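Trainee: The amino acid sequence is not available; the structure is as follows:
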C-alpha cells in the first residue's frame, strides 16, 4: 500500500520541491498551505501516515499542529522543518512528540532518510493499533484469543453456553486454555458479579480435597482448630471450576455426585450440618473420561452429570492461523517494560509454523517470553528460540503426548536407544511435512552440521564409505538410527505431519476422517517394504505401491531428509549441488560429459559448477542426489522436487498460501508465481 504524506508549508515552492522528492520515492503527497488547511485534510484523510510541516506559518505554527496531531492520532509521526537552527525550539519539539527536526536548507538524502524512518514507525504503530482493535472485538472472548475457524466456533459455543446454568465439561490437551474458557463462561454469565472459585484436583490428596471442597468443622481432625468453609460454600451463587477432574478418587466422586444431585454439602466432621448451595459447576480434564468410565476408573453416573455440555479446546497445531496473533499478544504482554519491543523475524515465524507445539498456547507464551529476554536487537531471531524449535530430534521436541487425541505415545523424542536419532519405540513425530529429517535416512542431527563422508563411487573426489551404514541409518559410533524395538515404518514416518497430510488426497481434496487409503488392494496404512507409510505418501501425492512394488517416488524420499527450518531455496541448492557432483563423478571429472548427463549446455554447467566447486559439499547434497533417478535432466529433477515441497507446504498450511510461503522461507508475493508453474496443486484446495 502506498504511504500518504501531508506536507504543510506556506511557501508553494517548498511544497513543490518536497512533493517531487517524495513522489519520486513512490509516496503519495498531499499539500496544505497552513495549519487550518492541514487540520481539514488531516481529519478527512484517516489513511495519512506522516505529517511534514514547517514551524513558522501565518495561521499557526508547526508546534501547534504537532500538539493537535498527537492529541488526535498519536500514532502518526510529525517531522518539523525550520529555517532557524534553534536548539531550544528543537528540544521543545521533541518533548512534544516530534519524530524528527530538520533545518533548512537540508539535503534531499537527509529528508528521504527521515521520512522513510518515520513511515516505518508509523506502519508498525498502525499495525499494533489494528491488532488491539481486533483483540478487543471478534478475536477475543474473555482472555481467549484467536481468529481461526476453530476458535470462532469455540467462541460461538461458549457464548451460547454461558447464560445457562448447565454443567460444562471442558476437555483438551494441557496448555490449550481450559481455565481461560471456564473464566470466560463465568464472565459472560448472569453470575459474573459473583465469585469464581478454581480448584486443581490433582494438587491435593483425596482426604485434603474433601476438606477443601466441602469444608470442615472445628475438631473434625487433628489440626482443625476452627471451622472452615469449603469451596462449594465460597462459590455460592457463582461458579466453581474443578480442573483435572479425571484425577478424583472414588470417595470424592461419590461426595461430588451427591452435591450435584441434591444441591447440598456437608462439612467434614459436621454430622447433620447440611448447607444448601447454588453453584454453576465447570470441570476440565485432559483425559478421555469415556475411556476411564469403561476401565472402571470414573463413575458413569458422575460423568453424565458433568458432561451436560462438552467444550473441546483445539490444540495449537490445529489452529496455526492464530500463531501471529497469539505471538503479538504475548509480545505486548511481556514486552511492556522494554523501551523498544522487538518483532519476530520471518525466519523465526517460519520455525514456529513448522513446530508441532506439544505444550500448546502455554508453551508458545513461554517461548515468546524467553525470546524477549534473550533478544538483543529489534528482531527476535532463531537463535533466541529454544533448541527444540530449531533443531530436529532435540529431546522434548518431537513427540506429541495427547491423551486419546491421535498424538504419539511412548518416550521417543527423536532419540533412539543408544543415542541414535531414529524414532523411539511407539513414538510418532508430527512436525512439518518434509521439513525435518526422516529417521532411517542415514542422517542424524549432528551430521546436518558437518560435511558427510563422501564415496568415490559416483561422487567426485571422495573416499570410499560403507553404503550399508547409510542404508540402515547408522549414527556415528555405530549406534543404530532406529531404536531397539521400533519398526522401520515408525522411523520412516518420522518427520511427516501425519494428521495434516493424511487428511488430504492428491491435489489437496479432503478425505473423510478415518477413511483408509487402499493401495493395490492393501488396506494397511503401513507398507511392509521399507516401512514406508502409504497413508502419508498418498496424502502428499507421491506414488505409492504395495509391498511387492518398488516403494514411493524419489521426491517423497528426498523431502523426508530435510531438517526443520530448511527453506525451499536452500533445499533446491543442495539438490542441485548433489546432482552436479554426482554427474562429475559419473563422468570422471570431465565437465562436458557431466553437462551431457544433466542435459545442460556446457557453459551453463560450468557456471553452475563454479558455485560449488570451491568449498565443502553441503551436508544434504549427496543424500538428496542419491534419491534422484538417472536419466532426467537437471531442470526436470529440480522442478519435480520443488513441486513436492510446495505440495507438502500447502498440505501442512491447510491450503493457505501465505502460511505455506512462511514454511518454505519464501516472500509471500512469490508464492503465486511458484504455484503458476504447478496449477494442479491448487485443484480442490
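Mentor: Nice, I can see it. If you're wondering where the values come from, they're calculated on a predicted model, not measured in any experiment.

Trainee: count of residues packed around the nearest residue to residue 300 once chain neighbours are set aside?
Mentor: Using Cβ to Cβ, 6 or more residues apart in numbering and skipping the chain neighbours, the partner closest in space to residue 300 is residue 293 (4.9 Å). Every C-beta, even on glycine, is put in place using the N, C-alpha and C of the backbone. Burial of residue 293 is recorded as 16 neighbouring residues (other Cβ atoms under 10 Å).

Trainee: Give me the distance between residue 293 and residue 580.
Mentor: According to Cβ to Cβ, to the nearest Å, residue 293 stands 62 Å off from residue 580.

Trainee: how about the nearest residue to residue 582 once chain neighbours are set aside, what does it touch?
Mentor: Of all residues not flanking residue 582 in the chain, residue 625 sits nearest, at 4.7 Å (Cβ to Cβ, 6+ apart). Residues in contact with residue 625 (Cβ atoms under 8 Å, 6 or more residues apart in numbering) are 575, 578-579, 581-582.

Trainee: Touching stretch 105-123 from outside, list them.
Mentor: 3, 5, 18, 21-22, 25, 27, 49-50, 52, 75-77, 79, 81, 99-100, 102.

Trainee: follow-up on the earlier one: roughly how far out does the helix or strand containing the residue nearest to residue 300 sit from the chain middle?
Mentor: For residue 293, the element it lies in under DSSP states H and E is helix 289-295. From the chain centre to the centre of helix 289-295 is a distance of 33 Å (Cα atoms, centre = their mean, to the nearest Å).

Trainee: Now that helix: buried residues?
Mentor: 289, 292-293 (16 or more other Cβ atoms under 10 Å).

Trainee: Also stretch 56-71?
Mentor: By 16+ other Cβ under 10 Å, the buried positions in stretch 56-71 come out as 57, 60-66, 68-70.

Trainee: Just name the closest of these to residue 228, please.
Mentor: Here the nearest of the buried residues of stretch 56-71 to residue 228, counting by Cβ to Cβ, is residue 70; it sits at 55.4 Å.

Trainee: what's near enough to touch the residue nearest to residue 300?
Mentor: 299-300, 303.

Trainee: out of those residues, which are buried?
Mentor: Here, 16+ other Cβ under 10 Å leaves 299, 303 buried among the contacts of residue 293.

Trainee: Just the contacts of residue 293: which are in strands?
Mentor: Among those, no residue falls in strands (DSSP state E).

Trainee: Quick one: the contacts of residue 293 as a markdown table, columns for distance to residue 186 too.
Mentor: Output for the contacts of residue 293, formatted as a markdown table (distance: Cβ to Cβ, whole Å):
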| residue | distance to residue 186 |
| --- | --- |
| 299 | 26 |
| 300 | 28 |
| 303 | 22 |
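
Trainee: In a markdown table, list the contacts of residue 293 along with pLDDT and distance to residue 161.
Mentor: Shown next, in a markdown table, are the contacts of residue 293 (pLDDT from 0 to 100; distance: Cβ to Cβ, whole Å):
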| residue | pLDDT | distance to residue 161 |
| --- | --- | --- |
| 299 | 94 | 24 |
| 300 | 94 | 23 |
| 303 | 94 | 18 |
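
Trainee: Could you tell me which of the contacts of residue 293 belong to helices?
Mentor: 300, 303 (DSSP state H).

Trainee: follow-up on the earlier one: of the buried residues of stretch 56-71, which is the nearest to residue 603?
Mentor: Using Cβ to Cβ, the buried residues of stretch 56-71 come closest to residue 603 at residue 69, 59.9 Å.

Trainee: which element is that closest one on?
Mentor: Assigned by DSSP H and E, residue 69 belongs to helix 62-72.

Trainee: can you give me the mean pLDDT across that helix?
Mentor: In this model, helix 62-72 has a mean pLDDT of 85.

Trainee: Repeat that for stretch 631-648.
Mentor: Here the average pLDDT along stretch 631-648 is 90.

Trainee: buried subset of the contacts of stretch 105-123?
Mentor: By 16+ other Cβ under 10 Å, the contacts of stretch 105-123 give 3, 5, 18, 21-22, 27, 49-50, 52, 76-77, 79, 81, 99-100, 102 as buried.

Trainee: so what's the nearest residue to residue 8 once chain neighbours are set aside up against?
Mentor: Excluding the flanking residues, the one nearest residue 8 by Cβ to Cβ, 6+ apart is residue 53, at 3.9 Å. Counting by Cβ under 8 Å, 6+ apart, residue 53 touches 6-9, 38, 62, 65-66, 78-81.
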